[in-house]
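Asker: Fold the following for me, if possible:
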Amino acid sequence: MPWRPARAKIATSQPWKPHAMIRPWFAAALLALSTPAHSTPADDLHRIVEDHWAWYLRNHPIEATSFGVRTYDNEVDDVSLAAADRQAAEAKVLIARLDAVNETGLDEGDRTNKAILRRSLAEQIEANGFGQRMILFSARFGLHTMFASLGDILPFRTRADYQSLLTRYDKYPALNDEVIAISRKAIAGGYSLPCAAMTGFDTTISGLIAPPDKTRYYEPFTHAKPIDASDTEWAELQARAKTVIATRLTPANEKLLAFYTRDYAPKCATAIGMAAQPQGRAYYAFKARQHTTTDLTPDQIHAIGLREVARIGAEMDALAKKAGYASRAAFIARLRTDPKYYAKSPEELMQVVARLAKTIDGKMPSLFGLLPRLPYGIKEIPAETAEGNTTAYYMDGSPESGIAGTYFVNTSHLDQRPFWEVPVLTVHEAVPGHHQQISIQQELPLPMFRRYATFFTAFVEGWGLYSESLGEEMGLYDTPEKEMGRLSYQMWRACRLVVDTGMHVKGWSKAQAIAFMTENTALSAANIEAEVNRYITDPGQALAYKIGELKMLELRARATKALGPKFDVRHFHDAVLGQGAVPLDVLEKNIDAWIKAEAAKG
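Answerer: Purely as a prediction, here's the structure:
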């Protein structure tokens, strides 16, 4: 899955020049001014898009820096509830302006983008109406881990870049106090996270409390000196960094750790399901709609999951028999326990990942006409969050800021990280999965919101899961073990539909969820534990993978049948990725139009 700082799911319209005509957002009333006398509907929409982009950048200053917009380099996001209310009110103004635009004067592209923008703003407003907005961290991530990751997402070339980082570090204690205050309100209102999923969360905080030069906060200051700094100036910046970490970040994290262990953990929720929280069922239904970009109900999604579990299970049974095992369970037991399938050191695992990733890179032109310019690298998941974290994740880069994408691999619990998972894991997280899709999106001739700030989970994660099937076309699953790894990952995502809905609206226990995944997948015990904890604390997100993948497979089958010998998988993939992340209904409309255009070619 892609990891990124918390951000809104938004989109805009029209081709755009990077960072052109950025205007400050002075007040919602300013945006409601009457339009020029002779403006067209397209002009009106583009003006809204411009204002929307400026508004987004101002409200997300850290992201603005990562995008290459340097106007807000010393600012941090306002995490207060008052800010959330203000932004929701401003979103309503934007929606009113969008609704006033006459669609008869728009071309198809602008109509689509208007609808996407309106949908995203409406979801932001709806989300703000739930008390769950006060839940500001999950089982593994929070503001503290995001600040520790700034070195991975921001540019560092000049003294000003480092000074900006230190200014932001200096503002962390106030943000941390706000998080604690909001979390106290969450506890009082019945919105605390479940105890069963939070084991080890304290280590994500305590792991950041260390001598300044041993923390991740200091990592940017271990780079080569800035291009415009003397040795003396660089030494001064490094000394200041150690002081800021010791006097501002560490005390704030100590305060957060004390709050969590003394006040939050003792009052964590005993029930794991969202249904136990105030408005919990309505909130979960909203998250299901938001993440899948469909109107499917939790019950419908649960049923789809059960059907997929049965279908994939039959394939796993057949593979086990073909491989010479008496049963699927016997094959999986061997996969889980035979030492030959596991690395003996983090370096060994990373070497296997690196070689496989480079092998896949060489196969990409056979499946895609359009390849991203931005490269990606591999790193180990940071130690303080690796314990209990997912197997891997992807962090997007930024061409504007000169930052590559990163495929993060978990090297903790090596006896739970089998080699036979590496192919399917890598095609999902790196290429042709998240790096291919997200980096292509960043380079498309689309407006900046579409390029950088649009994240429809069903599309992004659906593409990641669809990419796993492309490993077959690349010949990556060349042993029964690797093929079982692919099927296990398919089963994993099918089980999510059952387990996520089961825990949040059907009264399933955590033990029941773990047992279901243990019985049906080849995942290790550590991975299953981490995944179930993730579903508990991030309700609905896991539903998007299978729903998105099923739609993409459906569209490929439709295109293959309709085009016959005219079907070119490279052109199909370019068409799927060619408009960036979109809701699934928009994707279907786009591919139907592409099929019609391809069929008309001589």
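
Asker: counting contacts, what elements does the helix with the most length in the chain pack onto?
Answerer: The helix spanning the most residues in the chain, taking DSSP state H as the definition, is helix 159-189. Under the contact definition 3 or more CB pairs under 8 Å, 6 or more residues apart in numbering; DSSP states H and E, helix 159-189 sits against helix 143-148, helix 150-153, helix 231-244, helix 250-259. Bear in mind the C-beta positions are built from the backbone N, C-alpha and C, glycine included.

Asker: from those helices, which stretch is densest packed?
Answerer: helix 143-148 (a mean of 22; mean count of other CB atoms under 10 Å).

Asker: helices and strands around that helix, which ones?
Answerer: Helix 143-148 packs on helix 159-189, helix 201-206, helix 383-386, going by 3+ CB pairs under 8 Å, 6+ apart.

Asker: These: which one's closest to residue 287?
Answerer: Taking CB to CB, helix 159-189 is the member of the helices and strands packed on helix 143-148 nearest to residue 287, at 16.7 Å.

Asker: Now do the closest one against helix 231-244, angle only.
Answerer: If you take axes from the mean of the first three to the mean of the last three CA atoms, to 10 degrees, helix 159-189 sits at 10 degrees to helix 231-244.

Asker: Residue 166 contacts residue 245, correct?
Answerer: No: using CB atoms under 8 Å, residue 166 is not in contact with residue 245; the gap is 9.3 Å.

Asker: Just want to know which of those two has more residues nearby.
Answerer: The residue with more neighbours, out of residue 166 and residue 245, is residue 245; 25 against 19, by other CB atoms under 10 Å.

Asker: got a list of what that one touches?
Answerer: 169, 212, 215, 217-218 (CB atoms under 8 Å, 6 or more residues apart in numbering).

Asker: now with 6 Å?
Answerer: By CB atoms under 6 Å, 6 or more residues apart in numbering, the contact set of residue 245 is 212, 217.

Asker: Can you tell me how far it is from residue 202?
Answerer: 20 Å (CB to CB, to the nearest Å).

Asker: what does residue 174 give?
Answerer: 22 Å.

Asker: ditto for residue 520
Answerer: Counting by CB to CB, the gap from residue 520 to residue 202 is 32 Å.

Asker: what about those two, which has more around it?
Answerer: residue 520 (22 against 15).

Asker: Residue 496 is in contact with that one, correct?
Answerer: No: applying CB atoms under 6 Å as the test, residue 520 and residue 496 come out as separate, 11.0 Å apart.

Asker: Residue 120 is in contact with residue 95, correct?
Answerer: No: here residue 95 does not reach residue 120: they are 10.1 Å apart, not a contact under CB under 6 Å.

Asker: Neighbour count: these two, which is higher?
Answerer: residue 120 (24 against 18).

Asker: In terms of secondary structure, what does the helix or strand harbouring that one contact?
Answerer: Secondary structure from DSSP states H and E places residue 120 in helix 108-128. Secondary-structure packing of helix 108-128 (3 or more CB pairs under 6 Å, 6 or more residues apart in numbering; DSSP states H and E): helix 41-59, helix 81-99.

Asker: so which of the ones you listed gets nearest residue 373?
Answerer: helix 41-59 (23.0 Å).

Asker: now that closest one and helix 81-99, what's the angle there?
Answerer: Using the same axes, to 10 degrees: helix 41-59 against helix 81-99 is 170 degrees.

Asker: Would you state the helices of the stretch 201-350 of the chain in chain order?
Answerer: Per DSSP state H, counting those that start in this stretch, the stretch 201-350 of the chain carries helices over the ranges 201-206, 231-244, 250-259, 280-292, 298-322, 328-337, 346-363.

Asker: Now do the third one, average pLDDT.
Answerer: Looking back up the chat, that one is helix 250-259. The predicted model assigns helix 250-259 a mean pLDDT of 98.

Asker: Kindly report the same for the fourth one.
Answerer: Mean per-residue pLDDT for helix 280-292: 98.

Asker: what residue ranges in this protein score low on pLDDT?
Answerer: Applying pLDDT under 70 to the chain flags the ranges 1-38.

Asker: Break it into its domains for me.
Answerer: Following automatic domain parsing, the chain resolves into domains at 1-129, 144-192+199-267, 281-548.

Asker: Which of the helices and strands packed on helix 159-189 sits closest to residue 125?
Answerer: Residue 125 lies closest, by CB to CB, to one member of the helices and strands packed on helix 159-189: helix 143-148, at 23.1 Å.

Asker: Dump that closest one to CSV, restricted to CA.
Answerer: Presented in CSV, the C-alpha positions along helix 143-148 are these (Å, rounded to 0.1, in the frame of the first residue of the first chain):
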residue,chain,number,x,y,z
LEU,A,143,1.8,12.9,13.7
HIS,A,144,4.9,11.8,15.5
THR,A,145,5.9,9.3,12.8
MET,A,146,5.0,11.7,10.0
PHE,A,147,7.4,14.3,11.4
ALA,A,148,10.0,11.6,11.7
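
Asker: buried ones in the helix or strand harbouring residue 550?
Answerer: Residue 550 belongs to helix 544-563 when assigned by DSSP H and E. Across helix 544-563, burial judged by 16 or more other CB atoms under 10 Å covers 544-552, 555-556, 559, 563.

Asker: Also stretch 310-322?
Answerer: 312-313, 315-317, 319-320.

Asker: Centre of the chain to stretch 274-290, how far?
Answerer: Here stretch 274-290 shows a centroid-to-chain-centroid distance of 20 Å under the convention CA atoms, centre = their mean, to the nearest Å.

Asker: ditto for stretch 462-482
Answerer: Its chain's C-alpha centre and that of stretch 462-482 lie 21 Å apart, by CA atoms, centre = their mean.

Asker: CA atoms of it as CSV?
Answerer: Extracted in CSV, the C-alpha atoms of stretch 462-482 (Å, rounded to 0.1, in the frame of the first residue of the first chain):
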residue,chain,number,x,y,z
GLY,A,462,-7.1,-1.9,-7.2
TRP,A,463,-4.3,-1.2,-9.6
GLY,A,464,-1.7,-2.6,-7.1
LEU,A,465,-3.7,-5.8,-6.8
TYR,A,466,-4.3,-6.0,-10.6
SER,A,467,-0.5,-5.7,-11.1
GLU,A,468,0.0,-8.9,-9.1
SER,A,469,-1.7,-10.8,-12.0
LEU,A,470,0.8,-9.2,-14.4
GLY,A,471,3.6,-11.1,-12.6
GLU,A,472,2.2,-14.2,-14.4
GLU,A,473,2.7,-12.5,-17.8
MET,A,474,6.2,-11.6,-16.7
GLY,A,475,7.0,-15.2,-15.7
LEU,A,476,7.7,-14.3,-12.1
TYR,A,477,5.7,-17.2,-10.5
ASP,A,478,7.9,-19.9,-11.9
THR,A,479,7.7,-22.3,-8.9
PRO,A,480,4.7,-23.8,-7.1
GLU,A,481,5.8,-21.9,-4.0
LYS,A,482,5.8,-18.5,-5.8
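
Asker: Would you mind pulling the contact partners of it?
Answerer: So stretch 462-482 is contacted by 323, 363, 420, 423-424, 427-428, 432-434, 437, 483, 486, 489, 493, 545, 548-549, 552 (CB under 6 Å, 6+ apart).
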